[in-house]
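S.K.: 3D, please:
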Amino acid sequence: MWLLLVFVAIPMVEIALFISVGGAIGLWPTLAIVLLTAILGTHLVRSQGLAAIGNVQKSFNELNDPTEPLAHGAMILIAGVLLLTPGFFTDAVGFALLTPPFRKMMFNFARSRVRVQGFTMGSTHSATFHTGPGNRSHHPAESDVIDGEFSEVDPAQNGAAQQLDSAKNHTHKPSGWTKH
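M.R.: Here you go, the predicted model:
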């Protein structure tokens with residue numbers, strides 16, 4: 001229900017602002033401002049988006065919790081959508097999302113309302129991760145993954161086919177792990 005209210009209220013606010021600003025400064029200056037904010041917003045979103053991608057990559061490379069860089073990247077993406085949407089209210093919210101202090105405030109608000117049950121990344125056993133609002137440390141447990149290599153053997157080479165046939169017929173029942 002609240003989403004429907006947002007989709008109805010925002011266009012009404014934008015129309016009211018267009019009428020007010022257009023009445024105060026005229027049609028062409030109003031359209032020029034809308035176009036200028038879209039161009040400026042695109043430039044800012046691109047530069048901050050590249051920085052956010054770098055922060056996410058750095059977080060992954062250092063095996064740190066990538067939650068905050070990913071959230072900042074998502075907010076920059078939302079800012080881009082808002083800045084490309086014509087309107088003064090959406091531009092104001094979009095420019096606010098481009099400022100790191102506002103993004104940090106929004107991230108802290110969202111983090112206080114979301115509880116993370118656990119977070120592990122990679123197979124590094126010495127890494128420490130902070131989960132949830134309490135910033136409790138978490139050390140990943142031993143991995144259950146067994147790394148191995150294999151190579152396919154052509155049974156027709158070196159008489160291997162004859163050895164396999166004789167072994168199958170005499171000693172064991174099939175294990176069920178392979179088709180016989």
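
S.K.: Flag every buried residue along the lengthiest helix in the chain.
M.R.: Selection of the longest helix in the chain by residue count, based on DSSP state H, yields helix 27-61. Of all the residues in helix 27-61, those buried under the rule 16 or more other Cβ atoms under 10 Å are 30, 34, 37-38, 41, 44-45, 48-49, 52, 55-56, 59. Every C-beta, even on glycine, is put in place using the N, C-alpha and C of the backbone.

S.K.: Can you pick out the most distant pair from these?
M.R.: T30 and S59 (41.7 Å; Cβ to Cβ).

S.K.: Quick one: the strands in this structure, in order.
M.R.: Counting by DSSP state E, the chain has these strands, from start to end: 129-131, 136-138.

S.K.: Mind checking the pLDDT average for the first one?
M.R.: Taken as a whole, strand 129-131 has a mean pLDDT of 49.

S.K.: Check the last one too.
M.R.: Strand 136-138 shows a mean pLDDT of 48.

S.K.: Okay, now the unreliable bits of the protein?
M.R.: Along the chain, the model assigns pLDDT under 70 to residues 118-143, 155-180.

S.K.: At the geometric centre of it, which residue do we find?
M.R.: Here the mean C-alpha position of the chain is nearest to the C-alpha of L70 (Cα atoms, centre = their mean), at a distance of 4.9 Å.

S.K.: That one touches V56, doesn't it?
M.R.: Yes - the pair L70 / V56 is scored as a contact, 5.9 Å apart, by Cβ atoms under 8 Å.

S.K.: For the buried residues of helix 27-61, give me a markdown table that also has distance to G148.
M.R.: Putting the buried residues of helix 27-61 into a markdown table (distance: Cβ to Cβ, whole Å) gives the following:
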| residue | distance to G148 |
| --- | --- |
| T30 | 66 |
| V34 | 60 |
| T37 | 57 |
| A38 | 54 |
| G41 | 51 |
| L44 | 49 |
| V45 | 45 |
| Q48 | 43 |
| G49 | 40 |
| A52 | 37 |
| N55 | 35 |
| V56 | 31 |
| S59 | 30 |
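
S.K.: What residues sit buried inside stretch 93-111?
M.R.: V93, G94, F95, A96, L97, L98, R103, M106, F107.

S.K.: and what of stretch 76-91?
M.R.: I76, A79, G80, L82, L83, L84, T85, G87, F88, F89, T90, D91.

S.K.: end to end, how far does that stretch reach?
M.R.: 13 Å (Cα to Cα, to the nearest Å).

S.K.: and which of the buried residues of helix 27-61 is nearest L4?
M.R.: V34 (25.7 Å).
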